[in-house]
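K.L.:
make a model of this:
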Amino acid sequence: MSAVDDAANGGRRSSPRRARIARRRRARRLDPHPSPGPGPGPGADAGGRAAPADATGTPGFAPPPSDRDATDRGRAGQRPRVLTDNAGRVAARIARREPLAYFICWTTWVIFHVVPLLGGLLLREVLDRIPTESDDTVWLVLAALAGLELGRWALFLFNVVQWHGMWVFWLTLPRVNMLKSLVGAPGPVAGRLPGSSGEAVSRFRDDTQNVGMVLDVWVDISGTVVGALLAIGLMAEVDARITLVVALPVLVALAICRWLAHRLRAWRRRERETTAAVTGFIGDSFGAIGTVKLAGAGPAVARHFEELGDERAEAARVDQVATQVLQTLSSGVGDLGTGLVLVLLVPALARGDASIGDVGLYATAVVTLAQLPRWAARYSATRRQGDVSVERLVELLPAAPAPAGAAADTGVRSAHGLTRPAATVLRHGPGPFAPTRATADRADRLTRLEVRGLAVLHDPPTADGRSPDDEARARRHDGGRRRRRVDGFVGVDLVVERGRMTVVTGVVGSGKSTLLRAVLGLVGRTAGEVRWNGEPLDDPGAVLVPPRAAYVAQAPRLFSEPLADAILLGADPAGLDEAVRLACLDEDVERMPHGLATVVGARGVRLSGGQVQRTAAARALVRRPELLVVDDLSSALDVETEARMWDQLLDDEARRDTALLIVSHRPAVLERADRTLVLDGGHVVSWSG
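P.N.:
Sure, this is the predicted structure:
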């Protein structure tokens, strides 16, 4: 429920519980046939356990698919399965990318955790020698004890510096790999992006930190385990029975940690999802501040923000309370162990079987041993939280291609993409930035772009089990008699030639924008192919990029940067003035107080709708593409400005060879078109030229 919807409903305030129930009902209406999980039955994981609760608290219930989800379901109408490793395996692969640095980090921290036992041995020597040895010997041992402690904290300072470099690397590697996959991996990216930019930021920021925490806790848990084993050995040397009694609370604490592990995973996933919802809503609110003001939806936005905050607070409270209970329980084990040592060693002292020095050694060893359940609890919580984060991060990666001869929906998403070797330039920093000077290969210049039998269907499989691919073929082969309206489009053939304009038109909702995005590979196609100079393109999204193609969307996005940077985005600035002129933006730039240095604001909020659209056009033109794809400039431009822009572009001597694929309703544009394709209800109803 959006803030504007809330305002339209009379501004009624709903409780967090009522909001969660409403979301569940909407999700069931949107997804009446949820896809089966990877486990042996619905709502179960591979081990037969019930699936973790989602953000609404419903066990085994997946969030409803968004419109973007439909674009990533593949040719059989199903989303790729997400098969993830656990956080431990992902962390191990990250550590192997810098094995020497991690080994140094691991070794020094293990030493840091073990050194107190050496102090316990020295303490025993001090306490045992006080009654019998000379003062010089006692002071010598005390000096050794002080030097040992000073050396331990000097090692701590070295560890902190060395650990910081490793920590940055642990976070940077998966972030770089995710960003590279979103920018350059084959296939459409729309289905992998979360519902809001705020949620994407949450995954890049918070979920990568959770994976890094697994590596961090490994260092401490390793030192604690080594220290605990040595402590047990030292205590058993004095009295094995007392050692067994002291170790029992530690074992109980470890069992409780294991019992709570799976619950921590579900609670952390809900906390992450509610945090992402709050972050995304904040970003959406700032991006649509003008809409909120015009709709008078300010109070509704505030109420909805309060509801999201309440849900997040509840989820965070459950997660943090459980985590702190584990850590507090583990801390109490140390106090209990110290008390047991003092009680149980009294008879041994009376019999002369133990000395005062043994008491000091026992006290030191118990403190070291008590760290084990504390770090085990922290590792258990961190590991489960890391598992959730890995699942969320893998959703941003592309699906692996299906094996040869297998169904298309067998492609999976794997966590291996998070840990591929990548240049992080953390030691020396990035080199100087050089603007891209993209030039098309003369042998690969566009002559003819062909689209054959292209179809994009968002419908689920039909009742008889046929996929959208089967439906598309049936509609193409029955002479076009099946003309029911489809969610997407089917059976589109078109040709775009060098120096000629192809215009796609039709009623609202007929699939025009989806057609352009499918040609460019921005959404997954259900059927059909795209050919560049007769060569089929397996992945149009990787080929149809500047300088081959440039795209002006109907609702373009701009970065909050100076206008020149928002247009160039790293391109060669030599053609900036020409692109601004061709986009009819030059007069507007002259009226701006800082010209091309004017900051456009988030998503171009400081510009008018027409200026945003023409800025996007200049961004495409400055790259001198072989194919210019424009989605309905008339949606934000007046007739005169649009006509002047097309006149300048079509009459420009240097750009007359540009192939144009355009969506438009303007009669003046349709008159200048060399070819015209009309869509209605997802079907081609006429084709001329």
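K.L.:
and the longest helix for the protein?
P.N.:
Taking DSSP state H as the criterion, the chain has its longest helix at helix 298-351.
K.L.:
what's the mean pLDDT across it?
P.N.:
The average pLDDT within helix 298-351 is 80.
K.L.:
how far off centre is it?
P.N.:
Distance of helix 298-351 from the chain centroid (CA atoms, centre = their mean, to the nearest Å) equals 29 Å.
K.L.:
next up, the contacts around the residue nearest to G575 when sequence neighbours are not counted.
P.N.:
Distance criterion CB to CB, 6 or more residues apart in numbering; nearest residue to G575, sequence neighbours excluded, is V622 at 5.0 Å. To be clear about C-beta, it is placed using only N, CA and C from the backbone, and glycine gets the same treatment. Under the criterion of CB atoms under 8 Å, 6 or more residues apart in numbering, the neighbours of V622 are I567, L568, A571, G575, L576, E578, A579.
K.L.:
the last one contacts R614, correct?
P.N.:
No. Using CB atoms under 8 Å as the test, A579 is too far from R614 to be in contact (10.1 Å).
K.L.:
quick one, which of those two is more surrounded?
P.N.:
R614 (28 against 23; other CB atoms under 10 Å).
K.L.:
contact partners for that one?
P.N.:
A583, C584, L585, D588, L637, T641, M645.
K.L.:
look up phi and psi at P556.
P.N.:
phi -70, psi 160 (degrees, to the nearest 10).
K.L.:
from S634, how far out is it?
P.N.:
For P556, the distance to S634 equals 14 Å [CB to CB, to the nearest Å].
K.L.:
those two: who's more crowded?
P.N.:
P556 (20 against 17).
K.L.:
the stretch 401-550 of the chain: strands as residue ranges?
P.N.:
Taking DSSP state E, counting those that start in this stretch as the criterion, the stretch 401-550 of the chain carries its strands at 412-414, 448-457, 488-497, 501-506, 527-532, 535-536, 549-552.
K.L.:
just so I know, which of these lies nearest G283?
P.N.:
strand 549-552 (23.6 Å; CB to CB).
K.L.:
pLDDT on that closest one, on average?
P.N.:
Here the average pLDDT along strand 549-552 is 94.
K.L.:
tell me the domain ranges of this protein?
P.N.:
87-184+191-394, 444-688 (automatic domain parsing).
K.L.:
could the ones you listed be laid out in TSV, adding distance to P432?
P.N.:
Below are these laid out as TSV (distance: least, CB to CB, whole Å):
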stretch	distance to P432
domain 87-184+191-394	19
domain 444-688	13
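K.L.:
closest one to L426 among the ones you listed?
P.N.:
Judged by CB to CB, the one of the domains of the chain that comes nearest to L426 is domain 87-184+191-394, at 6.0 Å.
K.L.:
tell me how far the closest one lies from the chain's centre.
P.N.:
Domain 87-184+191-394 sits 25 Å away from the centroid of its parent chain (CA atoms, centre = their mean).
K.L.:
measure that domain end to end?
P.N.:
One end of domain 87-184+191-394 sits 11 Å from the other (CA to CA, to the nearest Å).
K.L.:
for stretch 592-599, same thing?
P.N.:
End residues of stretch 592-599 are separated by 10 Å (CA to CA).
K.L.:
pull the residues that contact that stretch.
P.N.:
So stretch 592-599 is contacted by S560, E561, P562, L563, A564, I567, L576, V580, V589, R606 (CB under 8 Å, 6+ apart).
K.L.:
check stretch 633-640 too.
P.N.:
The contact list for stretch 633-640, computed with CB under 8 Å, 6+ apart, reads 552, 554, 609-610, 612-614, 617, 642, 645, 662, 664-666, 668-669.
K.L.:
by neighbours, which of those residues wins?
P.N.:
Counting by other CB under 10 Å, top hit in the contacts of stretch 633-640: Q613 with 30 neighbours.
K.L.:
quick one, phi/psi of the residue nearest to G575?
P.N.:
The phi/psi pair for V622 (degrees, to the nearest 10) is phi -70, psi -20.
K.L.:
also D657?
P.N.:
According to degrees, to the nearest 10, D657 has phi -90, psi 0.
K.L.:
hang on, S285 packs against V301?
P.N.:
Yes. Counting by CB under 8 Å, S285 touches V301, with 5.8 Å between them.
K.L.:
ok, back up a step: now the contacts of R614 as CSV including distance to L372, pLDDT and secondary structure?
P.N.:
Output for the contacts of R614, formatted as CSV (distance: CB to CB, whole Å; pLDDT from 0 to 100; DSSP: H, G, I helix; E, B strand; the rest coil):
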residue, distance to L372, pLDDT, secondary structure
A583, 66, 91, coil
C584, 71, 92, coil
L585, 66, 93, coil
D588, 68, 92, helix
L637, 69, 81, coil
T641, 72, 86, helix
M645, 71, 87, helix
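K.L.:
turn those residues into TSV, including distance to D207.
P.N.:
Output for the contacts of R614, formatted as TSV (distance: CB to CB, whole Å):
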residue	distance to D207
A583	39
C584	44
L585	40
D588	41
L637	41
T641	45
M645	43
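K.L.:
what's the PyMOL syntax to select whichever of those are buried?
P.N.:
Applying 16 or more other CB atoms under 10 Å to the contacts of R614, the buried members can be selected in PyMOL as follows:
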select buried, resi 583+584+585+588+637+641+645
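K.L.:
what distance do you get for the residue nearest the centre of the chain to Q209?
P.N.:
In the chain, the residue lying closest to the centroid (CA atoms, centre = their mean) is R203, at 4.1 Å. Noted for R203: a distance of 11 Å to Q209, by CB to CB.
K.L.:
of the contacts of stretch 592-599, keep whichever come out buried.
P.N.:
Of the contacts of stretch 592-599, these count as buried by 16+ other CB under 10 Å: P562, L563, A564, I567, L576, V580, V589, R606.
K.L.:
pick the one among the contacts of stretch 633-640 closest to R270.
P.N.:
Nearest to R270 among the contacts of stretch 633-640, with distances taken as CB to CB, is Q554, at 36.1 Å.
K.L.:
return the helix or strand in this protein with minimum mean pLDDT.
P.N.:
Comparing every helix and strand of the chain by mean pLDDT, DSSP states H and E singles out helix 67-70 as the least confident one, with a mean of 36.
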